[in-house]
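J.: Provided below are the primary sequence and the corresponding predicted coordinates.
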Amino acid sequence: MRRHSNASHLRMGPADPCDGDGCLRNLFCTFVCVTLSMILGLQMYAYLWGPTQISLEGDISDVGHVVLQLSHGLTEVNRKHERLQSEMERLSSVLPSVAAAADRAKDALEPAVRRTSALDAGDYDRQHADYALETAGARILDTGNTVEHVIHESVVSWALHTLVSVMCNECLGARAIIRPESLPGECWAFKGSRGEATIRLLGPVRVTGFTLEHIPKHIAPTREISSAPRLVQLEGLEIKRDPYPHDFGTFEYNRDGKPIQYFEVRNPTAKGFSMVRLRVHSNWGHSVYTCVYRVRVHGELAMRSAGDNPDMQVENE
């Protein structure tokens, strides 16, 4: 019985490490650990010294190139900024002299502007000779079939005006076009859009041009000048009812232009005429009447004989 107990005790002691199942398990664990270690080592090597490092170095090189380009760009921007700043400083130093020159030019031009404005007003007659001026001896000879537009205040005034019109071919209101006044209402108003006036000049004149005047819109009571003449014609006459007048041309008065408008004759001639006829063919739309404020005839007197006295001739015209 004792021997049997000892044998049993010996069989129940600690297992041998080289036993079949334990030995295989240890070998497998060792293999797995070694394999994992090798794989981990290879991954570390590839990450630190393999192609990934080469790609990383390429990326770092590209980033460095971009940074270098940006640095060059910033340097160029700074250079342009400095150049622009120097140009601004130069312009700032030049501007005072430019402003002074502009002021001098303005001061020099203002007298010319004043002279031009003056020519549009009363001083025009002081700058250009007018051979159709009544105060110098010109006269209205005839107005043809033109009917004067008059607003009669009573039957008596209408009867008197009708009687005078029948007895005298000279339209009394037409004298306004050869007088120096040109205030609103001081004009020759005739019915409709067609009319004519024959003017005896100071003497035989070689006509080079004429001016037609009307009031501007801003001083017209109605703020519009549709009664202004539009198409006008100037003719030179040898006698009062010359069947073959010389046509100087047909011209258009611009209602949006200056009040005094000069027209150079289109068919000039060296011949002098003592009479001219102004024909108005249309106006700017007024259906009742047309107004002509002033007509001036420009040119030069034709040559006279040596025995003629110019003062006496002008006085006898």
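T.: The structure has been received and is ready for your questions.
J.: Give me the buried positions along the helix or strand hosting Gly236.
T.: Following DSSP states H and E, one finds Gly236 within strand 231-237. Neighbour-count burial for strand 231-237 flags 232-237 (criterion: 16 or more other Cβ atoms under 10 Å). C-betas here are computed from N, CA, C, even on glycine.
J.: Ok, stretch 264-280 next?
T.: For stretch 264-280, by 16+ other Cβ under 10 Å, it's 265, 272-280.
J.: hey, what's the nearest residue to Thr208 once chain neighbours are set aside bridged with?
T.: Using Cβ to Cβ, 6 or more residues apart in numbering and skipping residues adjacent in sequence, the residue nearest Thr208 is Gly299, 4.4 Å away. On the basis of DSSP bridges, Gly299 is bridged to Val207.
J.: Tell me how far Ser282 lies from Phe251.
T.: Taking Cβ to Cβ, to the nearest Å as the measure, Ser282 falls 12 Å from Phe251.
J.: what's the overlap in contacts for those two?
T.: Residues touching both Ser282 and Phe251 (Cβ atoms under 8 Å, 6 or more residues apart in numbering): Leu231.
J.: Which one's more surrounded, the two?
T.: Using other Cβ atoms under 10 Å as the criterion, Ser282 and Phe251 rank with Phe251 on top: 21 against 14.
J.: could I get whichever strand or helix holds the more buried one in CSV with only the CA atoms?
T.: For Phe251, the element it lies in under DSSP H and E is strand 246-252. C-alpha atoms of strand 246-252 as CSV (Å, rounded to 0.1, in the frame of the first residue of the first chain):
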residue,chain,number,x,y,z
HIS,A,246,-28.5,137.4,-107.0
ASP,A,247,-29.0,134.4,-104.7
PHE,A,248,-26.5,134.5,-101.8
GLY,A,249,-27.9,131.2,-100.5
THR,A,250,-30.4,129.6,-98.1
PHE,A,251,-29.5,129.1,-94.5
GLU,A,252,-30.9,127.6,-91.3
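J.: Which neighbours in the sheet does that strand have, and how are they oriented?
T.: Applying DSSP bridges to the sheet, strand 246-252 is found paired with strand 231-237 (antiparallel).
J.: so for the partner strand, what's the average pLDDT?
T.: Averaging pLDDT along strand 231-237 gives 97.
J.: Show residues contacting that strand.
T.: 198, 207, 210, 212, 245-253, 263, 265, 269, 271, 273-282.
J.: Go again with 7 Å.
T.: 198, 207, 210, 212, 245-253, 265, 273, 275-282 (Cβ atoms under 7 Å, 6 or more residues apart in numbering).
J.: before we move on, the earlier item: the residue nearest to Thr208 and Phe190: what is the separation?
T.: In terms of Cβ to Cβ, Gly299 sits 26 Å off from Phe190.
J.: ok, now Arg175?
T.: 13 Å.
J.: Tell me which of those two has more neighbours.
T.: A count of neighbours by other Cβ under 10 Å puts Phe190 above the other of Arg175 and Phe190, at 24 against 15.
J.: Surely that one forms part of a helix?
T.: No - assignment of Phe190 by DSSP: H, G, I helix; E, B strand; the rest coil gives strand, placing it outside any helix.
J.: Tell me the confidence at it?
T.: Note for Phe190: predicted pLDDT of 94.
J.: residue ranges for the strands of the stretch 1-150 of the chain, please.
T.: 139-142 (DSSP state E, counting those that start in this stretch).
J.: What ranges does it have for its helices?
T.: Assigned by DSSP state H, counting those that start in this stretch, the helices in the stretch 1-150 of the chain fall at 2-11, 20-49, 51-119, 124-127.
J.: thinking Tyr131 is in contact with Leu202, fair?
T.: Yes - assessed by Cβ atoms under 7 Å, Tyr131 is found in contact with Leu202 at 4.9 Å.
J.: tell me, what's touching those two both at once?
T.: In contact with both Tyr131 and Leu202: Ala138, using Cβ under 7 Å, 6+ apart.
J.: Compare these two (neighbour count), which wins?
T.: A count of neighbours by other Cβ under 10 Å puts Tyr131 above the other of Tyr131 and Leu202, at 24 against 21.
J.: Contacts only, for the more buried one.
T.: 138, 201-202, 205, 297, 299.
J.: can you rerun that using 8 Å?
T.: 138, 201-203, 205, 297-299, 301.
J.: same deal with Lys240?
T.: Lys240 makes contact with 141-142, 198, 275 under the criterion Cβ under 8 Å, 6+ apart.
J.: Need the max-distance pair from the residues you listed.
T.: Across the contacts of Lys240, no pair lies farther apart than Asp142 and Met275, at 9.3 Å, counting by Cβ to Cβ.
J.: what residues are shared contacts of these two?
T.: 198, 240.
J.: any idea how far Gly192 lies from Leu212?
T.: For Gly192, the distance to Leu212 equals 18 Å [Cβ to Cβ].
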